[in-house]
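# Got a predicted structure here, sequence first:
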Amino acid sequence: MTERPTEPRTDVPATSDTAITPPDSVVLRTGALSWLFPRRTALVSVGLALVIAVVVALATFASSTGLSAADTLGGLLGTGDRMTVMLIQDFRLPR
C-alpha cells in the first residue's frame, strides 16, 4: 500500500500567535522565553496582595500603646524615635 502525499488544507486558517492565545490572556515574551498570564488570575493576585498589605498595616497600627498613625508609620519605616521603631519592628510587625 502506498501513501499519497498530503496536501495542505485550505479550509483551516494558518495559526498565528493570536489564534492560539486564549482571549482573556496576555503573552509576554523575552528572547526564547514566554509567559502566558490569564488576566483574571493576575487581577485576583494583585487584589489579594493589596488586601494582605492593608491587613498587615492595620495589625501594625492596632495596639493599646496609644501611638498615633503617624508615629506607627514612622516606626514601620524606621524614621521614628528608637523606642517606637523597636516597638513596631520587633514586637508588632512579627505578630
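Yep, it's here. Just so it is clear, the structure is predicted and the values come from calculations on it, not from any experiment.

# wait, what's in contact with F61?
69, 72 (CB atoms under 8 Å, 6 or more residues apart in numbering). Every residue, glycine included, has its C-beta placed from N, CA and C.

# no, scratch that, I was asking about L58
Contacts here follow CB under 8 Å, 6+ apart; on that basis L58 touches nothing.

# That one sits in which helix or strand?
helix 39-61 (DSSP states H and E).

# to the chain's geometric centre, what's the distance from that helix?
9 Å (CA atoms, centre = their mean, to the nearest Å).

# immediately after that helix, which helix or strand?
helix 69-77.

# Pull out the buried residues from the helix or strand that comes right after that next one.
Moving toward the C-terminus from helix 69-77, the next helix or strand (DSSP H and E) is helix 82-86. Within helix 82-86, the residues that qualify as buried by neighbour count (16 or more other CB atoms under 10 Å) are 84-85.

# now swap in stretch 57-70 and tell me
Buried residues in stretch 57-70, counted by 16+ other CB under 10 Å: 60-61, 67.

# Show the average pLDDT along it.
Stretch 57-70 carries an average pLDDT of 77.

# what's the answer for stretch 78-93, then?
Mean predicted confidence for stretch 78-93 is 85.

# Not counting that stretch itself, show me its contacts.
So stretch 78-93 is contacted by 56, 59-60, 63, 65, 67, 71-72, 74-76 (CB under 8 Å, 6+ apart).
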